[in-house]
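Enquirer: predicted model follows, preceded by the sequence.
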Amino acid sequence: MSTYITRRLIQTLVVIGLLSYMCFYLMTLMPGDPVEIMISSNPRITSEDVARLRTLYGLDQPAYVRYVNWVKDFVRGELGYSRTYRVPVSELMGPRLVNTFYLSLVAMIFSLAIAIPLGIYSGLKPGSKFDYIVNFLSFGGISMPSFWLGIVLIIIFAVNLQWLPAGGTQTVGIEGQGFWAEFFDRLKYLILPMLSLSIQQIGRFSRFTRSAMLEAMRNDFIRTAKAKGLSHQIVVWRHGFRNALIPLITIFALSISSLFSGALITETLFAYQGAGRLIYESIMANDFNVAMVSFVISVSMVLIMNLVADICYGVADPRIAYN
Amino acid sequence: MSSAVMPALTEKQIQKLEKSQTMFQIVMRQFVEHRMALVGSVIIAFFILISLAAPLIEQFTGLDPSAQNVFNRYKPPMTMATANSDIKETAVSQLIQLQPQVAATLQSELIEKNLIISAKPEDVLYDLVAKDRSEALNIVDQLKSSEAPILKKMIKGFETYHLFGTDELGRDVFIRIIYGARVSIGVGVLVAIVSALIGLLIGALAGFYGGFIDTALMRITDALISLPLLPVLIVIAAVDLTKIPGISFFLSAQNESIYKLVFILCLFSWMTVARLVRGAILSLREREYILAARTLGAKDSTIILRHMFPNVMAPMLVSVTLGVGESILFEAALSFLGLGIQPPTPSWGNMLFNAQELIYQAPFLAILPGLLIFLTVISFNFVGDGLQDAIDPKSIRR
């Protein structure tokens, strides 16, 4: 078990390293480096100044040298300054990651709460009308462009009904009005992004729950349990669902990355101050330090969560041997 | 017992039952039984037909996907848009400037036949277009010159019918949707096919040779599968790819954004197919007929291409069909963020990108393209599901 974890950990670190280098290299290819932007904002800059600035920022060195320097700084905790926000990246990053974590967590809980009961009941009654409807709805969920659902939700709930805010993270000036006021305010801003983010997950989860449940209820021990005269509830929950959980964990692990992908686009659409939106905005604004750090940290988080879910897999099913 | 339960069969029925069915027939029969898959394939066929016929539709309706008209912005669906006198005059002066001979012959003929009486001869064309549509067309019909159709097309263009309304630049949404279908479905299908080929190659190599090659390729596949795709795609899409040596060859200047998008999406969507093919080939490798082929001295490439691929084709077809839907969604997501297909080329995704800021003025603009994306993707998913049921030997009922 511990060798498995070590191996997976090393593997994850290698992936993060390669990915950050690729990202670094690609960003050097982006049109316009920091100095070019300074030139465009200051037309009277002299060519000596340009050369001096390039040496100062190390832009005259090849990409891999700059990457090594960047990694050294990163490890020491010097994340650099944001060019657009004029604050240290570390100050910018923290709250954004927390916001994304809230959004993802709420969306994950919501989609599991909806999808698992749907999946279980349609898996218990395959071929019934209920199963048919759930199947149709989950196909709809999987095929739904989440950002479009977001737009439709904004049109309905923010533009027409004016029940919920169209975007943002919290009302300006709500801080310091007590915990609950702030809590409900945040919740109000979370509802629409959560719905738009959950729809695909609900579709995916309910389909997988259904097939996992079908598979689990086909086992011989289910028949034995029924023959013993156990109640339907116990057979379904203790014997069926517990075994259906195992494949569900894999899907849960894989969906973390798609959840983050979805969060990026949802945050952008709803102007929610999260890490995904930060990645998008910093890349669009050519804010190199922020883009690099937010990308590497968010992707690493996703990969580590993946690893944790994989390890949980072993805990849930003792039959799985890691070798 | 069975004879007691079953009613007696006629000669014909027995003959029919005894006739062997080909694999294709069996699969078809199963597929047709999956009602949603059937509906989905009809919808897909309809969209593909429409997108193939896009130039014809453009010609027939006289609508231009890139013709802008700032006076006709945000028209609701099913409205008639009439050009005002400014636009008419600009069109005429453009005709006079760009095609002076055509304008001159038309002008002289109009004066000769005394169809329009104007103060000055130069004003004849302007006076003509200022008239009512039917009246102007009536006059043009009386012209015998070969240039008359040009004038007719111009006058017809002044009054356009917009089935789906117009967008923020006054462009007709209907014809843009049709051209957008071309781009969106085209990109989806292309990405699915190319990435399936990449996956086939990598999966076959990994599964067939095993050992180090297998480990290396599968580690890469696993690593790519666990990545959050959208951030990675955004980083790559934001980059000027032509700066990477060796890639500029693949990207021609024309329609660059489309090829770039296809290239990027292909890089990150071959993994599921690779895993599937590897799994299938691993089990095929142990079969007797592969051993037989090897004993007969077949080369590795022959074994893979002639003996293994036909067995992998069916599950791959399913995965390609499901991949089309996914690629369409990714294309739409990237274009929606402004990083995919670049305007003025319309795609369903970038039509949404423009529309997201206009939800107050024109909510319809935001609803329609998304609805079409949804409809197309769900159709592809149902067809994939139907195919999966149809080719799965466990579910085949004869």
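Expert: Thanks, I have it.

Enquirer: for chain B, what is the nearest residue in the stretch 51-200 of chain A?
Expert: residue A:148 (3.1 Å; C-beta to the nearest C-beta). Every residue, glycine included, has its C-beta placed from N, CA and C.

Enquirer: hang on, residue A:176 in a helix?
Expert: No: when classified by DSSP: H, G, I helix; E, B strand; the rest coil, residue A:176 is found to be coil rather than part of a helix.

Enquirer: quick one on the thing from earlier: what's the local residue count around the residue of the stretch 51-200 of chain A closest to chain B?
Expert: 28 (other C-beta atoms under 10 Å in any protein chain shown).

Enquirer: which element is the residue nearest to it when sequence neighbours are not counted on?
Expert: Excluding the flanking residues, the one nearest residue A:148 by C-beta to C-beta, 6 or more residues apart in numbering or on different chains is residue B:370, at 3.1 Å. Assigned by DSSP states H and E, residue B:370 belongs to helix B:363-391.

Enquirer: mind listing what's buried in that helix?
Expert: Within helix B:363-391, the residues scored as buried using 16 or more other C-beta atoms under 10 Å in any protein chain shown are B:363-370, B:372-391.

Enquirer: kindly report the same for stretch A:235-244.
Expert: Neighbour-count burial for stretch A:235-244, counted by 16+ other C-beta under 10 Å, picks out A:235-236, A:239-241, A:243-244.

Enquirer: could you work out the most separated pair of these?
Expert: Farthest-apart pair in the buried residues of stretch A:235-244 is A:235 and A:244; separation 12.5 Å (C-beta to C-beta).

Enquirer: where does chain B have its least confident helix or strand?
Expert: The weakest-scoring helix or strand in chain B, judged by mean pLDDT, DSSP states H and E, is helix B:2-5 (a mean of 54).

Enquirer: I'd like the next helix or strand past that helix.
Expert: Past helix B:2-5, the next helix or strand by DSSP H and E is helix B:11-18.

Enquirer: tell me the mean pLDDT over that next one?
Expert: What helix B:11-18 shows for mean pLDDT is 79.

Enquirer: with only the CA atoms kept, save that helix in CSV.
Expert: The C-alpha coordinates for helix B:11-18 follow below in CSV (Å, rounded to 0.1, in the frame of the first residue of the first chain):
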residue,chain,number,x,y,z
GLU,B,11,-43.6,-22.5,-44.3
LYS,B,12,-42.6,-18.9,-45.0
GLN,B,13,-41.9,-18.0,-41.4
ILE,B,14,-39.7,-21.0,-41.0
GLN,B,15,-37.8,-20.1,-44.1
LYS,B,16,-37.4,-16.6,-42.8
LEU,B,17,-36.1,-17.8,-39.4
GLU,B,18,-33.7,-20.2,-40.9
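
Enquirer: right, is the helix or strand just after it up against chain A?
Expert: Next along the chain after helix B:11-18, taking DSSP H and E as the criterion, comes helix B:23-33. No: counting by C-beta under 8 Å from any C-beta of the partner chain, chain A has no neighbours in helix B:23-33; the shortest distance is 13.4 Å.

Enquirer: picking up where we left off before, you'd agree the residue nearest to residue A:148 is up against residue A:152?
Expert: Yes: contact status for residue B:370 versus residue A:152: in contact at 7.2 Å, counting by C-beta atoms under 8 Å.

Enquirer: neighbours around the residue lying closest to residue A:8 once chain neighbours are set aside, how many?
Expert: Of all residues not flanking residue A:8 in the chain, residue A:307 sits nearest, at 5.6 Å (C-beta to C-beta, 6+ apart). Neighbourhood size, residue A:307 [other C-beta under 10 Å]: 17.

Enquirer: the helices in the stretch 201-323 of chain A, which residues?
Expert: Using DSSP state H, counting those that start in this stretch, the helices found in the stretch 201-323 of chain A span residues A:220-227, A:232-234, A:242-270, A:275-284, A:288-316.

Enquirer: convert the first one to CSV, retaining C-alpha atoms only.
Expert: As requested, the backbone C-alpha atoms of helix A:220-227 are provided in CSV (Å, rounded to 0.1, in the frame of the first residue of the first chain):
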residue,chain,number,x,y,z
ASP,A,220,-25.1,-14.1,-5.8
PHE,A,221,-24.9,-12.8,-2.2
ILE,A,222,-27.9,-10.6,-2.9
ARG,A,223,-30.0,-13.6,-3.7
THR,A,224,-28.6,-15.3,-0.6
ALA,A,225,-29.5,-12.2,1.5
LYS,A,226,-33.0,-12.2,0.1
ALA,A,227,-33.4,-16.0,0.7
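
Enquirer: and that helix, how far out from the chain's middle?
Expert: Computed by C-alpha atoms, centre = their mean, to the nearest Å, the chain-centroid distance of helix A:220-227 equals 40 Å.

Enquirer: and for the second one?
Expert: Averaging C-alpha positions (C-alpha atoms, centre = their mean) puts helix A:232-234 36 Å from its chain's average.

Enquirer: for stretch A:192-208, same thing?
Expert: Its chain's C-alpha centre and that of stretch A:192-208 lie 13 Å apart, by C-alpha atoms, centre = their mean.

Enquirer: right, is it up against chain B?
Expert: No: with C-beta under 8 Å from any C-beta as the criterion, chain B is not reached by stretch A:192-208; the gap is at least 8.9 Å.

Enquirer: give the rounded mean pLDDT of that stretch.
Expert: Averaging pLDDT along stretch A:192-208 yields 92.

Enquirer: also stretch B:148-157?
Expert: 71.

Enquirer: and the buried residues of stretch A:235-244, which of them are in strands?
Expert: Among the buried residues of stretch A:235-244, no member is found in strands (DSSP state E).

Enquirer: among these, which one lies nearest to residue B:152?
Expert: Distance ranking of the buried residues of stretch A:235-244 against residue B:152, using C-beta to C-beta, places residue A:244 first at 68.8 Å.

Enquirer: pretty sure the closest one is touching residue A:208, no?
Expert: No: in terms of C-beta under 8 Å, residue A:244 does not count as a neighbour of residue A:208; the distance is 9.2 Å.

Enquirer: enumerate the residues of the stretch 1-150 of chain A near chain B.
Expert: So the stretch 1-150 of chain A meets chain B at A:11, A:15, A:19, A:23, A:26-27, A:29-31, A:136, A:139-140, A:142-145, A:147-149 (C-beta under 8 Å from any C-beta).

Enquirer: just the buried residues of these.
Expert: Using 16+ other C-beta under 10 Å as the burial test, the residues of the stretch 1-150 of chain A next to chain B include A:11, A:15, A:19, A:23, A:26-27, A:29-30, A:139-140, A:142-145, A:147-149 as buried.

Enquirer: now the residue in the stretch 1-150 of chain B positioned nearest to chain A, nearest residue through space, not along the chain?
Expert: In the stretch 1-150 of chain B, the residue that lies nearest chain A is residue B:36 (7.3 Å; C-beta to the nearest C-beta). What sits nearest to residue B:36 in space, not counting adjacent residues and going by C-beta to C-beta, 6+ apart, is residue B:382, at 4.4 Å.

Enquirer: what about the residue of the stretch 101-250 of chain B found nearest chain A, is that helix, strand or coil?
Expert: When scored by C-beta to the nearest C-beta, the stretch 101-250 of chain B has residue B:230 as its residue closest to chain A, at 3.6 Å. What three-state DSSP gives for residue B:230 is helix.

Enquirer: following the helix or strand of chain A with the lowest mean pLDDT, which helix or strand comes up?
Expert: Least confident helix or strand of chain A, by mean pLDDT, DSSP H and E, is helix A:34-41 with a mean of 72. Helices and strands here follow DSSP H and E; after helix A:34-41, the next one along the chain is helix A:47-57.
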